[in-house]
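A.B. asks: 3D, please:
(one chain, ligands or ions: 2)
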Amino acid sequence: MSARILDGKAVAARIIEQLAQQTERLTQAGKRPPALAVVLVGEDPASAIYVRSKKQDCAKSGIRSISHELPASTSQEALLALVHSLNADPEVDGILVQLPLPAHIDADAITAAIDPAKDVDGFHSYNIGRLAQKMPTLRPCTPKGMMTLLAETGENLVGKDAVVVGASNIVGRPMALELLMARCTVTICHSATHDLPAKVRGADIVVAAVGRPQFVKGDWIKPGAIVLDVGINRLDDDRITGDIEYEVARERASWITPVPGGVGPMTRASLMENTFIAAGHTL
Ligand SMILES: Nc1nc(=O)c2c([nH]1)NC[C@@H]1CN(c3ccc(C(=O)N[C@@H](CCC(=O)O)C(=O)O)cc3)C=[N+]21
Ligand SMILES: [Mg+2]
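C.D. replies: Ligands and ions are numbered 1, 2, ... in the order given. Modelled structure (predicted):
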């Protein structure tokens, strides 16, 4: 069997097209479009590329993007002051501070300073806590995008065994909470997990979010499993590859996300959706 492809790029384009129609209706009704403040500190080339694509997504969605590009030498106090002013600005609905931040800045303190109602990344403890209590508010973008892709499969998720490989605050943990809310039985694996292959072999749904190329081997995949690959690993020749051994995995999976063109574009589409929600609109 060869897996069906979960085409994140196509699904994301459809979501953004629908948001564009919604903005059109808002502006025709005399309302302002949703506004997203994007804060970039320093010159990390990957971050600069991501921020540029987020601005393009805003343009396509009709969202106003407000860009703040600060030097790498920016102090923690100056960045906190910017966050506080964006929190207080009624023209700003969503705030995204691009990660990673320079080492001299405490990223957790910045995340905590963002008004939870404007936290379109869904990283703030309040938003994570709401998700943990199955009363989600703004949901972390990458997990949210993966849940949208799972819905695209049309499969009933209830009772499925899900294995999340990677336990980060921004992907693995919130993805486990999303899958739990969808009534999967969830196992979170991390660097201290014993016999990872056995855990993955039992999974109906596999999520790989470890940030190491081809870390999850294709022959660990249970035949018929749904496979979601969060990895964006840049190779020496500038191509990108996922966390899963794709060529082998796709011969066993029922559905699989490609890299690129899978989870990444869905993260960005979810960010646009969250900006609408933060602006007080329903989708
Ligand atoms: N505050 C904050 N929020 C984030 O959501 C955030 C962040 N910081 N820092 C960096 C990571 C990474 N991330 C990606 C989003 C989309 C793609 C994406 O669209 N990837 C495309 C293209 C990949 C490429 O060619 O480089 C794809 O997978 O097809 C990748 C990576 C968001 N992040
Ligand atoms: Mg995000």
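
A.B. asks: my read is residue 186 is in a helix, agree?
C.D. replies: No. Under the criterion used here (DSSP: H, G, I helix; E, B strand; the rest coil), residue 186 is strand, not part of a helix.

A.B. asks: tell me the mean pLDDT for stretch 121-139?
C.D. replies: For stretch 121-139, mean pLDDT rounds to 98.

A.B. asks: where does the stretch 151-283 of the chain get nearest to ligand 1, which residue?
C.D. replies: In the stretch 151-283 of the chain, the residue that lies nearest ligand 1 is residue 264 (2.3 Å; CB to the nearest ligand atom). Using the backbone N, CA and C atoms, a C-beta is placed for each residue, glycine as well.

A.B. asks: so what pLDDT did the closest residue to that residue other than its chain neighbours get?
C.D. replies: Residue nearest to residue 264 in three dimensions, not counting chain neighbours: residue 232, with 6.0 Å by CB to CB, 6 or more residues apart in numbering. Model confidence at residue 232, given as pLDDT, is 95.

A.B. asks: who touches the closest residue to ligand 1 within the stretch 51-200 of the chain in this structure?
C.D. replies: Nearest residue of the stretch 51-200 of the chain to ligand 1, counting by CB to the nearest ligand atom: residue 99, 3.7 Å away. By CB atoms under 8 Å, 6 or more residues apart in numbering, the contact set of residue 99 is 47, 107, 170.

A.B. asks: any chance of those in TSV with neighbour count, distance to residue 157 and secondary structure as columns?
C.D. replies: Listed next are the contacts of residue 99 as TSV, based on neighbours: other CB atoms under 10 Å; distance: CB to CB, whole Å; DSSP: H, G, I helix; E, B strand; the rest coil:
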residue	neighbour count	distance to residue 157	secondary structure
47	16	33	helix
107	16	32	helix
170	18	22	coil
